[in-house]
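Engineer: Fold the following, please.
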Amino acid sequence: MSKLVRRHWPSDLSAGLSRRDRRGCEYAAYIPDLLVDRRFRFGGYVAADLVEAEASIALLNEKATALADTEALARLLLRAECVASSQIEGLEVGGRRLLRAEAAREAGVKPGDVTAEEVLGNIEAMRWAVDVLGSDKAITVDGILEVHRRLLAGTRLEDHGGKIREQQNWIGGSGFNPCSAVFVPPPQEEVEGFLQDLCDFCNGDSLPAVAQAAIAHAQFETIHPFIDGNGRTGRVLLHVILKRRGLAPRVLAPVSIVLATWSSGYLEALMETRYHGDPDSPEAVKRTDGWVAFFSTVCTRAVSDAAAFEEAIQQIQEDWRAKVGKVRRNSATELLIAALPGAPIVTVTSAARLIGRTYQATNEGIEKLKAGGVLSQVRVGRRNRAFEARDVIDAFTDLERQLASPEGNTQSSEPSRMVPRRRQT
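Structural biologist: Residues are numbered from 1 along each chain as shown. Prediction:
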């Protein structure tokens, strides 16, 4: 049964600390129930929400055919997801800024944008996790540690990457002691056992995939196994589960974008999962139901907006073809039109690598798109020439704004968090 364990925090007499930060106290750390062999049963309304969420995600993956290269849509949604997951942790960066930093890195130029660099690390970690862990036979503790290592690589906390915490951590209150914390996770000596149980749970298939992802994410955030990066790692894990279970093999639903928009409800729903006592009690079942229903609604909303975004990209590509005129099938120009949504800022070199054509053929295709008003020339660093598909970046900005609106409509419901400004028409 889940419970609280009492622990003592000693006083810290270091100079320069306030009385509040120096004080010792008795605090209570939360010990959750293990997940393996736990019985889960969902109420009728929750079951209906789960069915709707799973059907939505499956349909998005099955019908994402508007783009000639579905990978382009997946790449852009992956960026949007990682931007939002980082925003929840206080890392603010807009789509255009991130894309320019990515293009600079592709060109061999250090972007010099610390926040963008950290979010690019998040993208790489998410991509690796979904591709590798999502296809592995089993999710392992070592695999989760590798995700975390990749998330923190190149940051000020790099030395903590991939390492289970060896000290007590907490959420809220003072940064020096847990005396006024909102929540205190399990003590450090309990973490590895809980992580192994979590992995064993993730490798099962007795629950609907969305329910499994929701419960695993909540348990991960409760364990809080790392010094930092717990939220981002936990949101990577839920996508790994959806991929591994075969529900989202191609396109990632931008769940974190909706979680960022509904952040207060998200954190409250997570806290509600931390019941005390018997996991089969009506209170425990009610709290789990509440979280799974909330997460299911988030998934359904994310898929709805992602599908609308796909339609917008399809229209943009049709407009491009009208501007450029007739192009040969499988030409560099046609391949660029298909690939640009996934890489809206390119150099000739990166574009040639993207479409598998020679530098000369790619350059000719870019010049044709530039002449047709599809691409605009920009600078990456001091000397590197790049090309920007502004229509896609504007659509990406619109998606960010739409998903930041609690009601999904910025005309009637203003964005609830920082988002890029609307394009000027």
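Engineer: where do the helices sit along the stretch 51-200 of the chain?
Structural biologist: 70-88, 95-106, 114-128, 141-152, 191-202 (DSSP state H, counting those that start in this stretch).
Engineer: Would you check that my belief about A293 contacting G44 is correct?
Structural biologist: No - if you go by CB atoms under 8 Å, A293 and G44 don't touch, sitting 10.9 Å apart. (Each C-beta comes from the backbone N, C-alpha and C, glycine too.)
Engineer: Sketch out the low-pLDDT regions of the stretch 51-200 of the chain for me.
Structural biologist: Scanning the stretch 51-200 of the chain for pLDDT under 70 picks out the ranges 64-76, 87, 90-96, 107, 109-112.
Engineer: If we use 80, what do you get?
Structural biologist: Applying pLDDT under 80 to the stretch 51-200 of the chain picks out residues 63-122.
Engineer: Kindly compare burial across the helices of the stretch 51-200 of the chain and name the winner.
Structural biologist: Highest mean neighbour count among those (mean count of other CB atoms under 10 Å): helix 70-88, with a mean of 23.
Engineer: hmm, back to that, which one's more surrounded, A293 and G44?
Structural biologist: More neighbours surround A293 than the other of A293 and G44, with 21 against 7 (other CB atoms under 10 Å).
Engineer: other SSEs contacting the host helix or strand of that one?
Structural biologist: Here A293, judged by DSSP states H and E, is contained in helix 282-324. Packing partners of helix 282-324 (3 or more CB pairs under 8 Å, 6 or more residues apart in numbering; DSSP states H and E): helix 44-63, helix 70-88, helix 209-223, helix 255-261, helix 263-272, helix 332-339, helix 359-371, helix 390-404.
Engineer: Turn those helices into TSV, columns for distance to I345.
Structural biologist: What follows is the helices and strands packed on helix 282-324, written out as TSV (distance: least, CB to CB, whole Å):
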stretch	distance to I345
helix 44-63	25
helix 70-88	11
helix 209-223	32
helix 255-261	21
helix 263-272	29
helix 332-339	12
helix 359-371	12
helix 390-404	8
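Engineer: wait, which of the ones you listed is closest to E117?
Structural biologist: For the helices and strands packed on helix 282-324, proximity to E117 was assessed by CB to CB; helix 70-88 is nearest, at 11.2 Å.
Engineer: domain ranges for the chain?
Structural biologist: Domains of the chain are assigned by automatic domain parsing as 3-307, 315-404.
Engineer: pLDDT averaged over the last one, what's the number?
Structural biologist: Confidence for domain 315-404, expressed as mean pLDDT, is 89.
Engineer: burial of W320, as a residue count?
Structural biologist: Other residues near W320 come to 22 when the count uses other CB under 10 Å.
Engineer: T140: which of the helices and strands packed on helix 282-324 is closest?
Structural biologist: So among the helices and strands packed on helix 282-324, helix 209-223 is nearest, using CB to CB, at 13.7 Å.
Engineer: Can I get that closest one in PDB? Just the C-alpha atoms.
Structural biologist: Extracted C-alpha coordinates of helix 209-223, given in PDB (Å, rounded to 0.1, in the frame of the first residue of the first chain):
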ATOM      1  CA  ALA A 209      -1.800   1.700 -24.700                       C
ATOM      2  CA  VAL A 210      -3.000   5.200 -23.700                       C
ATOM      3  CA  ALA A 211      -3.800   4.000 -20.200                       C
ATOM      4  CA  GLN A 212      -0.400   2.300 -19.900                       C
ATOM      5  CA  ALA A 213       1.400   5.500 -21.100                       C
ATOM      6  CA  ALA A 214      -0.700   7.700 -18.700                       C
ATOM      7  CA  ILE A 215       0.000   5.500 -15.700                       C
ATOM      8  CA  ALA A 216       3.700   5.000 -16.500                       C
ATOM      9  CA  HIS A 217       4.200   8.800 -16.900                       C
ATOM     10  CA  ALA A 218       2.500   9.500 -13.600                       C
ATOM     11  CA  GLN A 219       4.500   6.900 -11.800                       C
ATOM     12  CA  PHE A 220       7.800   8.200 -13.300                       C
ATOM     13  CA  GLU A 221       7.000  11.800 -12.200                       C
ATOM     14  CA  THR A 222       6.200  10.400  -8.700                       C
ATOM     15  CA  ILE A 223       9.500   8.500  -8.500                       C
END
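Engineer: what is the mean pLDDT for that helix?
Structural biologist: Mean pLDDT, helix 209-223: 98.
Engineer: Next secondary structure element downstream of it?
Structural biologist: Downstream of helix 209-223, the first helix or strand assigned by DSSP H and E is helix 230-244.
Engineer: Buried residues, that next one. List them.
Structural biologist: Residues of helix 230-244 classed as buried: 230-244 (neighbour count, 16 or more other CB atoms under 10 Å).
Engineer: Go through these and say which is closest to P344.
Structural biologist: Out of the buried residues of helix 230-244, the member with the shortest distance to P344 (by CB to CB) is H239, at 22.4 Å.
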